[in-house]
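S.K.: Here is my input, please return the structure:
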Amino acid sequence: MNYRHKLQYLLVQKLKISNQEVKNALAGGLIQVDDEVVSDNCLVGPYQKVMYGKTMVQDPSEFVYMAYYKPRGIECTLNLAIANNLAQALPKEAAHLFYAGRLDKASEGLLLLTNDGFLYNKIIQPERKLPKIYLVKLEKPYTADFKDKMEAGVEILGTITLPCKIELINLDSFKIELTQGLNRQIRRMCFALGNYVTELKRISIGSIELLNLKPGDYRFLSEHEIEQLQKL
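M.R.: Okay, the predicted model is just below:
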């Protein structure tokens, strides 16, 4: 279910005015939602423009959405006290954004960056089972039953991982699609099956792909990509 507010509640919270003042504004034709005057206490979604006279109450155009290629060796943290932190690595255009979908220091690939807290919360919620795809290289060739065991679920961290999809690339590399995000999950799964991960790169989160980005590069998401995320 999409998060929505009653218009009156939103105006009271954002403008710090009374309920009666909001009712008077609605009756007086001072409130616009998506550039249309409204007079009733309707539901308002997080991506709708809301105006009180000439005052912008909610402006979805302020949201920023980026795809960023986190290089290997960068810690997924905005804590400046930690060495090689993400805050120092991000371009200045993304300095005010949060990352959604962390990667461990030794891993690389796609992070989503945004100041849209509503979307951020949806992306990180485990129950949504948002699919993520990774390219993985192993220290040594995998065994004949590796694919079947990985797809069925592996015991790590006191639990059995959810079923996943594996596409074998060559004798020591594969592509994996996960719908959960346990701590260092892929590395732990491979270790439980007697192998080590030497390279790990995330190439997609949901419908958003890394495409041709290089380590440290970023791109703004297209309108279509943003719409797909907002439908989660």
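
S.K.: Neighbours of the closest residue to Pro46 other than its chain neighbours, how many?
M.R.: Nearest residue to Pro46, sequence neighbours excluded (CB to CB, 6 or more residues apart in numbering): Phe118, at 4.5 Å. Quick note: C-beta positions are derived from backbone N, CA and C, even for glycine. By the criterion of other CB atoms under 10 Å, Phe118 has 14 neighbours.

S.K.: What strand or helix carries Phe118?
M.R.: In this assignment (DSSP states H and E), Phe118 forms part of helix 117-124.

S.K.: what's the next secondary structure element after that helix?
M.R.: With elements assigned by DSSP H and E, the helix or strand that comes after helix 117-124 is strand 132-138.

S.K.: Over to Ser61. Which of the three states is it?
M.R.: At Ser61 the chain is in helix, as set by DSSP: H, G, I helix; E, B strand; the rest coil.

S.K.: again with Phe191
M.R.: Assigned by three-state DSSP, the conformation of Phe191 is helix.

S.K.: That one and Pro141, how far apart?
M.R.: Distance, Phe191 to Pro141, using CB to CB, to the nearest Å: 16 Å.

S.K.: Need the pLDDT of the most centrally placed residue in the chain.
M.R.: Nearest to the geometric centre of the chain sits Ala100, at 3.7 Å (CA atoms, centre = their mean). At Ala100, the model reports a pLDDT of 88.

S.K.: For it, give me its contacts.
M.R.: By CB atoms under 8 Å, 6 or more residues apart in numbering, the contact set of Ala100 is 111-114, 119-120, 123-124, 205.

S.K.: Doesn't Met51 lie inside a helix?
M.R.: No - when classified by three-state DSSP, Met51 is found to be strand rather than part of a helix.

S.K.: OK, contacts around it?
M.R.: With contacts defined as CB under 8 Å, 6+ apart, Met51 is in contact with 31-33, 35, 57.

S.K.: PyMOL command for the buried members of those?
M.R.: A single PyMOL command selects the buried members of these (16 or more other CB atoms under 10 Å):
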select buried, resi 31+33+57
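
S.K.: Which members of the contacts of Met51 define the maximum pairwise distance?
M.R.: Across the contacts of Met51, the longest distance by CB to CB is 13.0 Å; it joins Asp35 and Val57.

S.K.: Would you reformat the contacts of Ala100 as a markdown table and include neighbour count?
M.R.: Shown next, in a markdown table, are the contacts of Ala100 (neighbours: other CB atoms under 10 Å):
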| residue | neighbour count |
| --- | --- |
| Leu111 | 26 |
| Leu112 | 24 |
| Leu113 | 26 |
| Thr114 | 21 |
| Leu119 | 20 |
| Tyr120 | 18 |
| Ile123 | 19 |
| Ile124 | 16 |
| Ile205 | 21 |
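
S.K.: Just want the angle from the longest strand anywhere in the chain to helix 117-124.
M.R.: Determined from DSSP state E, the single longest strand within the chain is strand 197-205. Calculated by axes from the mean of the first three to the mean of the last three CA atoms, to 10 degrees, strand 197-205 forms an angle of 130 degrees with helix 117-124.

S.K.: Give the next helix or strand downstream of strand 197-205.
M.R.: Later in the chain than strand 197-205, the nearest helix or strand by DSSP H and E is strand 208-209.

S.K.: Quick one: list the elements packing against that following strand.
M.R.: strand 108-114, helix 223-230 (3 or more CB pairs under 8 Å, 6 or more residues apart in numbering; DSSP states H and E).

S.K.: which stretch among the ones you listed comes nearest Leu182?
M.R.: Going by CB to CB, the one of the helices and strands packed on strand 208-209 nearest Leu182 is strand 108-114, 17.3 Å.

S.K.: Nothing else from me, thank you.
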